[in-house]
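Asker: requesting a structural model of the entry that follows:
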Amino acid sequence: MIEIDGSILEGGGQILRIALSMSCLLKTPIRVSKIRAGRPKPGLSAQHLHGVQLLKSMCNATAKGDVMGSTELEFHPGDITSGKFNVDTGTAGSVALLLQVGLPVALFGRSTTTLDLKGGTNAAMAPQIDYVTEILRPNLEKMNVTFDFELFKRGYFPKGGGHCEITVQPVKTILPCNITEFGRIQEFFGWCFVAGSLPLQMANNMRSAARRLLQGCDNQQRESIRYNIFSYKEEPDVAEGNCSGLVLGCLSSTGCIIGGSALGSRNEKANVTGEKAANEILGCLQYQACVDSHTQDQLIIYMALADGRSRIRTSPLTLHTKTAIYIVESMTKAKFYTSEQSDGAVIVECDGIGYKNKYL
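Answerer: Just a heads-up that it's a prediction; the model follows:
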């Protein structure tokens, strides 16, 4: 049994998600103690319990301590199974975080796996589902990792009610990636939205503010850059409740995709929300980062599993990324190397363990 200290580094739910996914893949029991010790309310929340329950179903596992508020969890995985798995958080619990814990396991099943997820699609403290599909997924596809996505309904805080379906085909192995040359900017793209009783003008203001900042980026080829940033209002049958936000992306000439996102709030003007998302992209561009600060930690588990050496160029490592590296190194023989460049960018390299799907 592998012992994991849940208070290490980031000290949040990410430790649990990565540890659970790796436990299923390695078919090795784990005991996680001091769960979410770095949070105001330590212990398992409803969001994390839904992730535990999902993986219990996906790999015929047993668990001890999987109750609300528990600060210690034992997890004993069995064989990975394929099929359809349903999770309804009953709240605005993030469907993106459920996908985060389930996707690595689904990839190594016997056949097609479908995750039917209900909860929050655009919620605070978690990736917006649009960021996952439009920014994270293209980066994962460079490693032979992908999924099909169908959105039925959006869910916002506090009611949730979002509904989507993710379909995953199994793979034999994960390919190593080399995402280290940015090239030049080709396109800025994105979507600014409002829902409920919020006026379309708010989305327009987010779009204008974001575009204004992005047009001011220090790039010699700025006149040739394409801008495809749209604003729209969600139809009532697709979204319940009020919400606003945006997801932006930047495509480079070498195929790099970096992103930025933000959700609006009643205490913030729409133009400020738009500027926040744009500044996330500009912050990456100053380092010629090929992977943004929100994607970098999401790639770590796949780099560890890949068959060969992966390399990415990214902005300074986040605490989430440092935590992800620590957890996968403590659970596998994967070895990560980081080197800071003269401009502050960081090259992350990993010799993956070459994990293979035993069913294919």
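Asker: from S339, how far out is the nearest residue to C243 once chain neighbours are set aside?
Answerer: Nearest residue to C243 in three dimensions, chain neighbours excluded: Y156, at 3.9 Å (Cβ to Cβ, 6 or more residues apart in numbering). Heads up, the C-betas are built off the backbone N, CA and C, glycines and all. Remark: distance between Y156 and S339 (Cβ to Cβ, to the nearest Å) = 41 Å.
Asker: just Q100 next, same as before
Answerer: 27 Å.
Asker: same check, this time on P42
Answerer: Distance, P42 to S339, by Cβ to Cβ: 35 Å.
Asker: neighbour count winner among these two?
Answerer: For P42 versus S339, the count of surrounding residues by other Cβ atoms under 10 Å is larger for P42: 18 against 9.
Asker: three-state assignment of the more buried one?
Answerer: Under DSSP: H, G, I helix; E, B strand; the rest coil, the three-state class of P42 is coil.
Asker: tell me the contacts of I281?
Answerer: 188, 214, 248-250, 258-260, 292 (Cβ atoms under 8 Å, 6 or more residues apart in numbering).
Asker: mind listing which of these are in helices?
Answerer: L214 (DSSP state H).
Asker: which residue ranges form the helices in the stretch 151-300 of the chain?
Answerer: Counting by DSSP state H, counting those that start in this stretch, the stretch 151-300 of the chain has helices at residues 200-215, 270-285, 296-305.
Asker: just name the most buried of these.
Answerer: For these, the largest average neighbour count (mean count of other Cβ atoms under 10 Å) is found in helix 296-305, namely a mean of 25.
Asker: and it with helix 270-285, angle?
Answerer: Inter-element angle recorded for helix 296-305 and helix 270-285: 40 degrees (by axes from the mean of the first three to the mean of the last three Cα atoms, to 10 degrees).
Asker: tell me the helices and strands packed up against the helix or strand that helix 296-305 is followed by.
Answerer: Going down the chain from helix 296-305, the next helix or strand is strand 309-314, by DSSP states H and E. Identification of packing neighbours for strand 309-314 by 3 or more Cβ pairs under 8 Å, 6 or more residues apart in numbering; DSSP states H and E yields strand 178-179, helix 296-305, strand 346-351.
Asker: dump these to JSON lines, plus mean pLDDT.
Answerer: Formatted as JSON lines, the helices and strands packed on strand 309-314 follow (pLDDT from 0 to 100):
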{"stretch": "strand 178-179", "mean pLDDT": "98"}
{"stretch": "helix 296-305", "mean pLDDT": "98"}
{"stretch": "strand 346-351", "mean pLDDT": "98"}
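Asker: among these, which comes closest to S265?
Answerer: helix 296-305 (24.6 Å; Cβ to Cβ).
Asker: how far off centre is the strand or helix carrying L20?
Answerer: Applying DSSP H and E as the criterion places L20 in helix 13-26. From the chain centre to the centre of helix 13-26 is a distance of 14 Å (Cα atoms, centre = their mean, to the nearest Å).
Asker: do the same with stretch 128-146
Answerer: 8 Å.
Asker: ends of that stretch, what's the gap?
Answerer: Distance between the two ends of stretch 128-146: 17 Å, counting by Cα to Cα, to the nearest Å.
Asker: buried sites along that stretch?
Answerer: 128-140, 142-146 (16 or more other Cβ atoms under 10 Å).
Asker: which residue ranges make up the domains of the chain?
Answerer: What automatic domain parsing lists as the domains of the chain is 1-80, 82-171, 181-285.
Asker: out of the contacts of I281, which are inside strands?
Answerer: 188, 248-250, 258-260 (DSSP state E).
Asker: for the helices and strands packed on strand 309-314, which one sits closest to Q53?
Answerer: helix 296-305 (20.1 Å).
Asker: returning to that earlier point: between the domains of the chain, which gets nearest to Q298?
Answerer: Comparison of the domains of the chain against Q298 by Cβ to Cβ identifies domain 82-171 as nearest, at 5.7 Å.
Asker: just how off-centre is the closest one within its chain?
Answerer: Averaging C-alpha positions (Cα atoms, centre = their mean) puts domain 82-171 9 Å from its chain's average.
Asker: now do the same end-to-end measure for that domain.
Answerer: End to end - Cα to Cα - domain 82-171 spans 13 Å.
Asker: now stretch 118-132
Answerer: 16 Å.
Asker: quick one: mean pLDDT over it.
Answerer: Averaged across stretch 118-132, pLDDT comes to 95.
Asker: same thing with stretch 41-49?
Answerer: In the prediction, stretch 41-49 has an average pLDDT of 91.
Asker: could you do stretch 53-67 as well?
Answerer: 97.
Asker: before we move on, what about stretch 223-242?
Answerer: On average, stretch 223-242 scores 93.
Asker: what does that stretch contact?
Answerer: Contacts of stretch 223-242 (Cβ under 8 Å, 6+ apart): 151, 153-156, 159, 161, 185-198, 200, 203-204, 206-207, 210-211, 214-215, 219, 248.
Asker: and if you look at stretch 22-33?
Answerer: In contact with stretch 22-33 (Cβ under 8 Å, 6+ apart) are residues 1-6, 15-16, 19-20, 55, 58-59, 61, 71-80, 104-105, 108, 301, 305, 327-328, 331-332, 355.
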